[in-house]
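compute the structure for the input listed below.
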Amino acid sequence: MSSEERSSILIIYTGGTIGMIRNSVTGALESFNFDHLLRHVPELRQFNLNISSRAFNPPIDSSDMNPALWGRIVEIIHTNYDKFDGFVILHGTDTMAFTASALSFMLEGLMKPVILTGSQLPIGVLRTDGKENLLTAIEIAAAKNADGSPVVPEVCIYFHQKLMRGNRCTKTSADSFDAFNSPNCTYLATAGMEILYNRHIIRPYDASAQLRPNYKMSSDIIIFSLFPGIKQSVVEKILSGKELKGVIFRTFGAGNAPQAQWLVDALERATAENKVIVNVTQCSTGSVKMRLYETGLQLLEAGIISGRDMTVEAALTKMMFLLGQSLPVDEVRRLMKKNLAGEITCG
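Predicted coordinates:
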């Protein structure tokens, strides 16, 4: 196969542990450099691919990720969309699920693989998990069907032998190599001796789709978790904030809250002030079903929207995206309940 016929992959390094290389002379960790990466991961040369790279300068710790930086990633992908068959984003693990969720909404009409990956140990460390994560992420980003269409035309996270939809996963461990899970959505693929794709789960390819990049995200949102004994004065102060436009309301079980009239009144006032409030369960698996118990029904009657089985990361970034489009509040509420990018289980 000639170089013109090879699949082309763009690696985008934002920062994070995976790109850190230990200097053999000084012992210090140095940031991403593609030539260094080739030296530490010589297997990259065995791919019959054209691999290029772009890097944030300076690279950022993932805890510093924000909507403006998501916009930079979107811009890089949009600018290079016609030049590459797939994209691999190297990212710190702490906010990777937020970034993957955000990109799934910001990259409307995406029909190419955007695979985020990272590692718990630097790529230059002997026992690093980064090498396998990187190599398999590249292989998945380059994978094509017999008709030439991409096998995985959506935003995903690949980590520790699992390919997960980007807006359906969350970080579950601070120190295990198996750091991410997709609690309410089957893995899109598992990587062992072969990469086995669950093709019925992967979003279908649409040759007519056109990429529509979105850059406007609203941060006038708060994640608010219930707990036993929560104080009325604190809740009322949070919900009455003048700049507040949206709330991710983390409730108990299937979407339940205390049967306290002051809480219902505070929520009703907030929704009457055109604040969008979405109910997301604190449980790691399962779905919000506000009609199941009286304690959930009262929230529904107060104008609270069911987040169903969305992750906190997906609910937050989806709301940021919708509020950033300057849509009418009723339209934001309608779309929060609609499956836009595979973030909600249909049916």
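
tell me which helix or strand in this protein has the weakest average pLDDT.
Ranked by mean pLDDT, DSSP states H and E, the helix or strand of the chain with the weakest confidence is strand 29-30, at a mean of 64.

any weak-confidence spans in this structure?
Low-confidence regions of the chain, defined by pLDDT under 70, span residues 1-4, 21-24, 27-36, 347.

can you rerun that using 80?
Confidence mapping of the chain against pLDDT under 80 gives the ranges 1-5, 19-40, 123-124, 292-296, 346-347.

domain ranges for it?
For the chain, the domain assignment from automatic domain parsing gives the residue ranges 7-213, 221-336.

can you put these in TSV and add distance to residue 343 and mean neighbour count?
C-beta coordinates here come from the backbone N, C-alpha and C atoms, glycine included. Converted to TSV, these look like this (distance: least, CB to CB, whole Å; neighbours: other CB atoms under 10 Å):
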stretch	distance to residue 343	mean neighbour count
domain 7-213	4	19
domain 221-336	4	18
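
in JSON lines: those, plus distance to residue 345.
Written out in JSON lines, the entries for these read as follows (distance: least, CB to CB, whole Å):
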{"stretch": "domain 7-213", "distance to residue 345": "6"}
{"stretch": "domain 221-336", "distance to residue 345": "5"}
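
quick check: residue 110 vs residue 150, distance?
Taken as CB to CB, to the nearest Å, the spacing of residue 110 relative to residue 150 amounts to 10 Å.

skipping its backbone neighbours, what lies nearest residue 300 in space?
The shortest distance from residue 300 to any non-neighbouring residue, by CB to CB, 6 or more residues apart in numbering, is to residue 290 (4.4 Å).

can you tell me the element that neighbour falls in?
Residue 290 is located outside every helix and strand, with elements delineated by DSSP states H and E.

quick one, what contacts it?
If you count contacts by CB atoms under 8 Å, 6 or more residues apart in numbering, residue 290 has them with 254-255, 279, 296-297, 299-300, 304, 306.

go again with 6 Å.
Residues counted as contacts of residue 290 (CB atoms under 6 Å, 6 or more residues apart in numbering) are 255, 296, 299-300, 306.

now, which of the residues you listed lie within helices?
The helices, defined by DSSP state H, take in 296, 299-300 from the contacts of residue 290.

verify the stated contact: residue 178 with residue 160.
Yes - the pair residue 178 and residue 160 passes the contact test of CB atoms under 6 Å, sitting 4.6 Å apart.

can you show me the helices along this protein?
Taking DSSP H as the criterion, the chain contains helices spanning 34-40, 67-79, 96-106, 130-142, 232-239, 261-272, 294-301, 312-324, 329-336.

mind checking which of those helices is nearest residue 193?
Each of those was checked against residue 193 via CB to CB, and the shortest separation belongs to helix 130-142, namely 12.0 Å.

how far does that closest one sit from the chain's center?
Going by CA atoms, centre = their mean, to the nearest Å, the spacing between the C-alpha centre of helix 130-142 and its chain's C-alpha centre is 18 Å.

repeat that for stretch 305-319.
Centroid displacement of stretch 305-319 relative to its chain, using CA atoms, centre = their mean, is 11 Å.

with stretch 140-149 instead?
The offset between the C-alpha centroid of stretch 140-149 and the centroid of the whole chain comes to 23 Å, using CA atoms, centre = their mean.

swap in stretch 271-284?
Using CA atoms, centre = their mean, the distance from the centre of stretch 271-284 to the centre of the chain it belongs to is 19 Å.

does residue 84 touch residue 10 like I think?
Yes - contact status for residue 84 versus residue 10: in contact at 4.4 Å, counting by CB under 6 Å.

on that earlier part again, quick one, which of the helices of the chain is nearest to residue 6?
Closest to residue 6 of those is helix 130-142 (CB to CB; 8.8 Å).

for that closest one, C-alpha coordinates in PDB please.
Output of helix 130-142 as PDB, limited to C-alpha atoms (Å, rounded to 0.1, in the frame of the first residue of the first chain):
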ATOM      1  CA  GLY A 130       0.200   3.900  28.300                       C
ATOM      2  CA  LYS A 131       1.800   1.900  25.500                       C
ATOM      3  CA  GLU A 132      -1.100  -0.600  25.100                       C
ATOM      4  CA  ASN A 133      -3.700   2.200  25.500                       C
ATOM      5  CA  LEU A 134      -2.000   4.300  22.800                       C
ATOM      6  CA  LEU A 135      -1.400   1.500  20.300                       C
ATOM      7  CA  THR A 136      -4.900   0.100  20.500                       C
ATOM      8  CA  ALA A 137      -6.500   3.500  20.400                       C
ATOM      9  CA  ILE A 138      -4.600   4.200  17.100                       C
ATOM     10  CA  GLU A 139      -5.600   0.800  15.700                       C
ATOM     11  CA  ILE A 140      -9.300   1.500  16.500                       C
ATOM     12  CA  ALA A 141      -9.100   5.100  15.100                       C
ATOM     13  CA  ALA A 142      -7.800   3.600  11.900                       C
END
